[in-house]
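Visitor: build me a model:
(chains A and B)
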Amino acid sequence: NAGVIQTPRHKVTGKGQEATLWCEPISGHSAVFWYRQTIVQGLEFLTYFRNQAPIDDSGMPKERFSAQMPNQSHSTLKIQSTQPQDSAVYLCASSLAQGNTEVFFGKGTRLTVV
Amino acid sequence: AQRVTQVQPTGSSQWGEEVTLDCSYETSEYFYRIFWYRQLFSGEMVFLIYQPSFDTQNQRSGRYSVVFQKSFKSISLVISASQPEDSGTYFCALSEPGNSNYNVLYFGSGTKLTVEP
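Guide: As a prediction, the model looks like this:
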């Protein structure tokens, strides 16, 4: 079990460029979550998929951010026209969809927008 | 509004001492769970222990235990016999049941613990 795999671990983009972050959940886990961590805001929930369907995106910024889960083995978080304030560590997590189960986190992708 | 509050931004202990990290939370749900995670210096979040709201017994897992004061909506993580390897940032997180977001975690701001050898 390799755990939740996030790629790349570090990404540097120029202001205005697009950034795509990848997440491979643990095999058999059907719930996938994205979080963002910054010094100022701490750990914030962004969005959540269950069985590849988007369930709750209440934490996603309304513009420029989108997330998809085209198949059960990976999810992507895409940020268009990146801004310096998007710089953060983006964490992906997965769990079994049923309640009362542990949520496992990846090591995160550190995005730096210059 | 902040749902989870960790008022200790930092903490320290000596090797072998017991450490207590505090957390308070806000919820109107009857069923919920409180998780504790440790974030390593690499950024990885490691699950430590969780307490379901319906269980009046304080949970234990190895050197980790919690003191759950449901009526005060507060929960403390207790680390017995602390070791330098326990150093890191500890996060408390709240999960509330619901049709769509049972496992969504709302995190506190964390407590950075340093255990001196």
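
Visitor: from here on, contacts and neighbour counts on C-alpha atoms
Guide: Will do.

Visitor: quick check, B:S71 in a helix?
Guide: Yes: applying DSSP: H, G, I helix; E, B strand; the rest coil, one finds B:S71 inside a helix.

Visitor: now do the contacts for it.
Guide: By CA atoms under 8 Å, 6 or more residues apart in numbering or on different chains, B:S71 lies in contact with nothing.

Visitor: distance check, it against chain A.
Guide: 22 Å (CA to the nearest CA, to the nearest Å).

Visitor: for the residue in chain B that chain A sits nearest to, which non-adjacent residue is spatially closest?
Guide: Across chain B, the shortest distance to chain A (CA to the nearest CA) belongs to B:E44, at 4.4 Å. In this structure, B:E44 finds its nearest non-sequential neighbour in A:K107, 4.4 Å apart by CA to CA, 6 or more residues apart in numbering or on different chains.

Visitor: returning to what we had before: and the residue of chain B closest to chain A, what's its pLDDT?
Guide: Note for B:E44: predicted pLDDT of 87.

Visitor: what number of residues lie near it?
Guide: By the criterion of other CA atoms under 10 Å in any protein chain shown, B:E44 has 16 neighbours.

Visitor: and what of B:E17?
Guide: Residues near B:E17, counting by other CA under 10 Å, number 15.

Visitor: contact partners for B:R33?
Guide: With CA under 8 Å, 6+ apart, B:R33 has these contacts: B:50-53, B:94-96.

Visitor: hmm, back to that, hang on, the residue of chain B closest to chain A packs against A:F105?
Guide: Yes: at 6.9 Å, B:E44 counts as touching A:F105 under the criterion of CA atoms under 8 Å.

Visitor: before we move on, back to that, strands - which of the contacts of B:R33 land there?
Guide: The strands, defined by DSSP state E, take in B:50-52, B:94-95 from the contacts of B:R33.

Visitor: and the residues you listed, which is closest to B:V4?
Guide: B:L94 (6.9 Å; CA to CA).

Visitor: contacting residues for residue 104?
Guide: Unless you meant another one, I'm taking chain A. A:3-4, A:93-95, B:45-47.

Visitor: not quite, go with chain B.
Guide: A:33, A:45, A:48, B:95-96.

Visitor: after whichever strand or helix holds A:L43 comes which helix or strand?
Guide: Element membership for A:L43 (DSSP states H and E) is strand A:42-50. Sequence order places strand A:53-56 as the next helix or strand after strand A:42-50, per DSSP H and E.

Visitor: what sits up against the following helix or strand past that following strand?
Guide: Going down the chain from strand A:53-56, the next helix or strand is strand A:65-71, by DSSP H and E. The contact list for strand A:65-71 (CA under 8 Å, 6+ apart) reads A:47, A:49, A:52-54, A:60, A:75-80.

Visitor: and A:A93, what are its bridge partners?
Guide: A:F33, A:F105 (DSSP bridges).

Visitor: which ones are touching it?
Guide: Going by CA under 8 Å, 6+ apart, A:A93 touches A:4, A:25, A:32-35, A:103-106.

Visitor: what ranges do the helices span in chain B?
Guide: With DSSP state H as the criterion, chain B has no helices.

Visitor: next, the residue of chain A found nearest chain B: phi, psi?
Guide: Here chain A gets closest to chain B at one residue, A:K107, 4.4 Å apart by CA to the nearest CA. Per-residue torsions, A:K107: phi -90, psi -10 (degrees, to the nearest 10).
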